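Novice: Generate a structure from the sequence data that follows.
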Amino acid sequence: MTTLTCYHPRRNDQGQRVRLKHPSTPTALDAWANARQSACVVPDGPMPAQINGIAVESWHHAPTTPEGWETLAQTTAVTEPAFNAPPGYKKSAGAVIIEPDQRVWLVAPSNAFGGYQATFPKGTLEPGAHAQASALVEVFEETGLQIRLQRHLIDVPRSLSYTRYYLAQRVGGSPADMGWESQAVLLVPVAHLARHLNSPYDAPVINALLNVLGQVR
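Specialist: Below is the predicted model:
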């Protein structure tokens, strides 16, 4: 029996092909229209023309430089408290992107990197970068989505990083354009988040989101 080798269509930062040892399984297209159902897309997979009335299409004019991301972040900046990481922690930033139907976007890291089966998009701040710009670029690189930050949500200490999360909304982009770090992008009902998020570091983020939504866990 021959086993097909699957590679991510995008190469990593070193220009190398990324082999996906256990590729994710996409859902049927109609899952994207069902607010009670989780939906999943793999790299370059088919997507509906719109979700919740917002077009799903590639973001061709996304910034391509750190300065461009910083400028974009400044045009839509939100008020936030000081971001001071405890000693020994690296700063990182990410976003909890919620749809009008109260589903949330997650990423499945390629080959379950870091032990995550799924998590919220996030990444380490580059030298000189600000958290809001980092959140925008990390979300785009990992999910292909264009977002607008709405508010500061929570700061969470993780194993090696201190991560600032923002609540955000999708305004464009396509999850099929996910970068090499993600082997799938998911849209999950809030009530089902704990089924997909296997890291204890994500639990405080879920609770913060539920508090914002006025729900009790």
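
Novice: Can you pull the poorly scored residue ranges out of this structure?
Specialist: Across the chain, the ranges flagged by pLDDT under 70 are 1-3, 215-217.

Novice: At which residues are the helices of it located?
Specialist: For the chain, the helices defined by DSSP state H occupy 66-75, 131-143, 193-196, 203-213.

Novice: Can you tell me which of those helices is nearest to Glu181?
Specialist: Shortest separation from Glu181 across the helices of the chain is recorded for helix 131-143, at 5.6 Å, computed as Cβ to Cβ. To be clear about C-beta, it is placed using only N, CA and C from the backbone, and glycine gets the same treatment.

Novice: What residues sit buried inside stretch 112-122?
Specialist: Using 16 or more other Cβ atoms under 10 Å as the test for burial, stretch 112-122 gives Tyr116, Ala118, Thr119, Phe120, Pro121, Lys122.

Novice: thinking again about what came up before, any idea which of the helices of the chain is most buried?
Specialist: Comparing those by mean neighbour count (mean count of other Cβ atoms under 10 Å), helix 131-143 comes out on top with a mean of 24.

Novice: just checking, what packs against it?
Specialist: Secondary-structure packing of helix 131-143 (3 or more Cβ pairs under 8 Å, 6 or more residues apart in numbering; DSSP states H and E): helix 66-75, strand 90-97, strand 103-109, strand 122-124, strand 145-157, strand 161-173, strand 182-189.

Novice: Minimum distance to Gly214: which of those has it?
Specialist: Closest of the helices and strands packed on helix 131-143 to Gly214 is strand 161-173, at 13.4 Å (criterion: Cβ to Cβ).

Novice: Identify the residue nearest Ala49 in space, chain neighbours excluded?
Specialist: Val56 (6.4 Å; Cβ to Cβ, 6 or more residues apart in numbering).

Novice: I'd say that neighbour and Met47 touch.
Specialist: Yes: Val56 is within contact range of Met47, at 4.8 Å (criterion: Cβ atoms under 8 Å).

Novice: Turn the helices of the chain into TSV, columns for distance to Asn84.
Specialist: Formatted as TSV, the helices of the chain follow (distance: least, Cβ to Cβ, whole Å):
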stretch	distance to Asn84
helix 66-75	19
helix 131-143	11
helix 193-196	28
helix 203-213	17
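
Novice: before we move on, back to that, would you check which pair of the buried residues of stretch 112-122 lies furthest apart?
Specialist: Maximum pairwise distance in the buried residues of stretch 112-122, criterion Cβ to Cβ, is 12.4 Å, between Ala118 and Lys122.

Novice: Quick check: the gap between Ile147 and Gln169.
Specialist: From Ile147 across to Gln169, the span is 6 Å (Cβ to Cβ, to the nearest Å).

Novice: quick one: common contacting residues for these two?
Specialist: Overlap of the contact sets of Ile147 and Gln169 (by Cβ atoms under 8 Å, 6 or more residues apart in numbering) consists of Ile97.
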